[in-house]
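Chemist: model this:
(one chain, ligands or ions: 2)
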Amino acid sequence: MFHVLVADSISSVGLAPILESEDITVVQKKVDEVEDLTVFDAILVRSATKVTEDLIKQMPNLKIIGRAGVGVDNIDVEAATRHGVVVINAPNGNTVSTAEHTFAMMMALLRHIPQANASVKSGEWKRSQYLGTELYNKQLGIIGLGRIGSEIAKRAKAFGMNVLVFDPFLTKERAKKIGVNSCTLDELLQEADIITVHTPLTKETKGLLGRDNLAKTKQGVYLLNCARGGIIDEEALVEYLENGHVKGVALDVFEVEPPKNNKLLTYDQVIVTPHLGASTKEAQLSVASQVAEEVLKFLNGKPVSSSINLPTLTKEVYEKIQPFYKMAKKIGKLASQCMKEPVSDIEIVYEGSVSELETSFITKSFLSGFLSERIASTVNEVNAGIIAGERGINYSEKIATNRSGYENCISILVDGESSSFRVKATYIPHYGERIIEINGYDIDFYPTGELLYIQHIDKPGVIGRVGNKLGEHQINIATMQVGRKEAGGEAIMMLSLDKPLEQALIDDLLTMDDIVFVRNIHL
Ligand SMILES: NC(=O)c1ccc[n+]([C@@H]2O[C@H](COP(=O)([O-])OP(=O)(O)OC[C@H]3O[C@@H](n4cnc5c(N)ncnc54)[C@H](O)[C@@H]3O)[C@@H](O)[C@H]2O)c1
Ligand SMILES: O=C(O)[C@H](O)COP(=O)(O)O
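Modeler: Residues are numbered from 1 along each chain as shown. Ligands and ions are numbered 1, 2, ... in the order given. This next block holds a predicted model:
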């Protein structure tokens, strides 16, 4: 008999396969109302229950966490993985509902519907006070053209809006297919009448619309956030509402939920909903049935298709593959951070002993490292191939015909819209992972921590000037590797640092003679 805890409000109709199973006992209660957490094999949640490492530790029988929705930011996926607990979600079930909710918010915002509704119900009849603005012919700026962003774009076009999109990982082909104009963030900020955000909350998107970027927007801009609280910096937003630059805001999500003493709630021109994007009968039925089916499959020992953390490998295979698996993920992150641009093709070549292993898993691990720098946190070995396909990235793997002399070697070539990136790595037992070539330059470093990648001209004094500049800013260099093809030509440096560089210092390095390219890398 399996025990499943349904800790949040999830559609019972959708959960029917689990509720009706004779082999499963279901308890529908909040975590803190449950007396004995130790019996449960599965826990099903939405965004309200926080599945922390502490909770996972209190559930020693736990095998699977089911998220009836998209975002897994309320689940400690790393801890789950460490504890061998599979995490699954329902990534597509609420896309349309959230897109529709965003659209409803946009229309309500520009036509003052919540304010007018409250006014009429209080006995007023103030027609002239609620003069609205049409969507027709307006510039809609969409930041993040994933599942939800694309659905918004379709609907906006039907309303006769001009759609501008900023998504650093959007290929030209995909933008063309969806029929949107891809532009830079600055162009979008300067041109859009209405801006809506649809990215995951990551270290790069946190505060994306903060003081500096809000200053670049049009006077009288409207803003929407139905993605995750914090993408629009709430403190900066208050300032821009106070000075009248931002005309109206619609929020479904907040930095702290439920919001407490949040000044944004005091403005008449701010309309809000309590994280209702996914709250429709259809979406709830869809996410609940997706999760129920997956959990049922898993508990019956069948493979699941929406796992976001663990690949389905036997213990034996996993042990052999693990070092390459980990290394491939790091190379993926390295390549993605070195090449911040849309990518169309990735080729992975395996050489030596690694080519005898199940390389498709290693390829997926590379892809998940690569994509995790660009897409929501839900990308992993299981879904990386599908996501790459959705993003228009073709990937292929080959076994090398020539040997380079290493016992094992993984070579990767990433083709982007304006440049390519080539990297080679090897794994040496009892010594570790080594990056042995970048863009044709021989090099040898351990891919970990804070790194600084510099392309420069091979001239006396360049390395010294870089060292001095970092020293002036109290940045300690732990290790440094240089590589060149010929004396006096282009060369590269890879420095391992005790802390990352501020953007201002990177900009400063770029102004120095003979420095061509500088990039902070975090592995
Ligand atoms: N309000 C709700 O109830 C609700 C419901 C569902 C999803 N969501 C949230 O909506 C957001 C989008 O969900 P989705 O399913 O469309 O995700 P998705 O992964 O399909 O799309 C995210 C997009 O953001 C892009 N992106 C990543 N970093 C970026 C950056 N720095 N700048 C611009 N674009 C960037 C990615 O390339 C990707 O195309 C997520 O935060 C999700 O948690 C909210
Ligand atoms: O990430 C999601 O799926 C949404 O934010 C919906 O969250 P909810 O299931 O708590 O409504």
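Chemist: what domains does the record give for the protein?
Modeler: Taking automatic domain parsing as the domain assignment, the ranges for the chain are 1-91+279-309, 95-272.
Chemist: Go through those and name the closest to ligand 1.
Modeler: When the domains of the chain are compared for distance to ligand 1 using Cβ to the nearest ligand atom, the nearest one is domain 95-272, at 1.7 Å. Where you see a C-beta, it was placed from the backbone N, CA and C, and this is true even at glycine.
Chemist: Check whether the closest one comes into contact with ligand 1.
Modeler: Yes: residues of domain 95-272 are located near ligand 1 by Cβ under 6 Å from any ligand atom, namely 95, 98, 143-149, 166-169, 198-201, 204-205, 226-228, 252-253.
Chemist: ok, which residues in the stretch 201-350 of the chain are in contact with ligand 2?
Modeler: Within the stretch 201-350 of the chain, the residues that sit near ligand 2 (Cβ under 6 Å from any ligand atom) are 275, 277-279.
Chemist: Now with 8 Å, please.
Modeler: With the criterion set to Cβ under 8 Å from any ligand atom, the stretch 201-350 of the chain comes near ligand 2 through 228, 253, 275-279, 284, 287.
Chemist: and what of the chain?
Modeler: 8, 46-48, 67-73, 89-90, 94, 98, 228, 253, 275-279, 284, 287.
Chemist: Kindly recompute the last result at 5 Å.
Modeler: Proximity of the chain to ligand 2 is assessed by Cβ under 5 Å from any ligand atom, with 46-47, 69-71, 278 identified as the residues in range.
Chemist: re earlier: please convert the buried members of the residues of the stretch 201-350 of the chain next to ligand 2 into PyMOL selection syntax.
Modeler: The PyMOL selection below is limited to those of those classed as buried (16 or more other Cβ atoms under 10 Å):
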select buried, resi 228+253+275+276+277+278+279+284+287
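Chemist: Of the residues of the stretch 201-350 of the chain next to ligand 2, which is the nearest to ligand 2?
Modeler: Comparing those against ligand 2 with Cβ to the nearest ligand atom places residue 278 closest, at 3.7 Å.
Chemist: Helix, strand or coil: sort out that closest one for me.
Modeler: The three-state assignment at residue 278 reads coil, by DSSP: H, G, I helix; E, B strand; the rest coil.
Chemist: Is it correct that it is in contact with residue 96?
Modeler: No: the pair formed by residue 278 and residue 96 falls short of the contact definition of Cβ atoms under 8 Å, at 10.0 Å.
Chemist: What are the contacting residues of the helix or strand encompassing residue 333?
Modeler: Mapping residue 333 onto the secondary structure by DSSP states H and E places it in helix 315-338. Judged by Cβ atoms under 8 Å, 6 or more residues apart in numbering, the contacts made with helix 315-338 from elsewhere in the structure are 311, 313, 354, 357-358, 361-363, 365-374, 381, 408, 410, 412, 414, 421, 423, 425, 427, 429, 433, 435, 447-448, 451, 453, 519-523.
Chemist: please redo it, this time with the cut-off set to 7 Å
Modeler: If you take Cβ atoms under 7 Å, 6 or more residues apart in numbering as the criterion, helix 315-338 is touched by 313, 354, 357-358, 361-362, 365-370, 373-374, 410, 412, 414, 421, 423, 425, 427, 433, 447, 453, 519, 521, 523.
Chemist: Please spell out which residues along it are buried.
Modeler: By neighbour count, with 16+ other Cβ under 10 Å as the criterion, the buried positions of helix 315-338 are 321, 323-325, 327-338.
Chemist: nearest spatial neighbour of the residue of the stretch 251-400 of the chain found nearest ligand 1, skipping sequence neighbours?
Modeler: When you check the stretch 251-400 of the chain against ligand 1 by Cβ to the nearest ligand atom, the closest residue turns out to be residue 277, at 2.6 Å. Leaving aside its sequence neighbours, residue 277 sits nearest to residue 98 (Cβ to Cβ, 6 or more residues apart in numbering; 3.8 Å).
Chemist: cool, residue 409 as well?
Modeler: Residue 409 sits nearest to residue 351 (Cβ to Cβ, 6+ apart), 4.2 Å away.
Chemist: and if you look at residue 427?
Modeler: residue 323 (4.8 Å).
Chemist: Over to residue 19?
Modeler: residue 26 (5.6 Å).
Chemist: thinking the one you found is in contact with residue 6, fair?
Modeler: Yes: proximity of residue 26 to residue 6 meets the contact threshold set by Cβ atoms under 7 Å, at 6.2 Å.
Chemist: tell me which element the residue nearest to residue 277 is part of?
Modeler: Per DSSP H and E, residue 98 falls inside helix 95-110.
Chemist: returning to that earlier point: I'd like to know how far the residue nearest to residue 427 sits from residue 360.
Modeler: Residue 323 is 17 Å from residue 360, where distance means Cβ to Cβ, to the nearest Å.
Chemist: try residue 479
Modeler: Applying Cβ to Cβ, the value for residue 479 to residue 360 is 33 Å.
Chemist: Run through the stretch 201-350 of the chain and note the low-pLDDT ranges.
Modeler: In the predicted model, the stretch 201-350 of the chain carries pLDDT under 70 at residues 303, 310-318.
Chemist: Do you have the helices of it handy? List them.
Modeler: Ranges of helices within the stretch 201-350 of the chain are 211-215, 234-242, 281-299, 315-338, based on DSSP state H, counting those that start in this stretch.
Chemist: Against which helices or strands is the first one packed?
Modeler: Right, the one you point to is helix 211-215. In this structure, helix 211-215 makes packing contacts with helix 234-242, judged by 3 or more Cβ pairs under 7 Å, 6 or more residues apart in numbering; DSSP states H and E.
Chemist: Centre of the chain to the helix it packs on, how far?
Modeler: Centroid separation between helix 234-242 and its chain, computed with Cα atoms, centre = their mean, to the nearest Å, is 26 Å.
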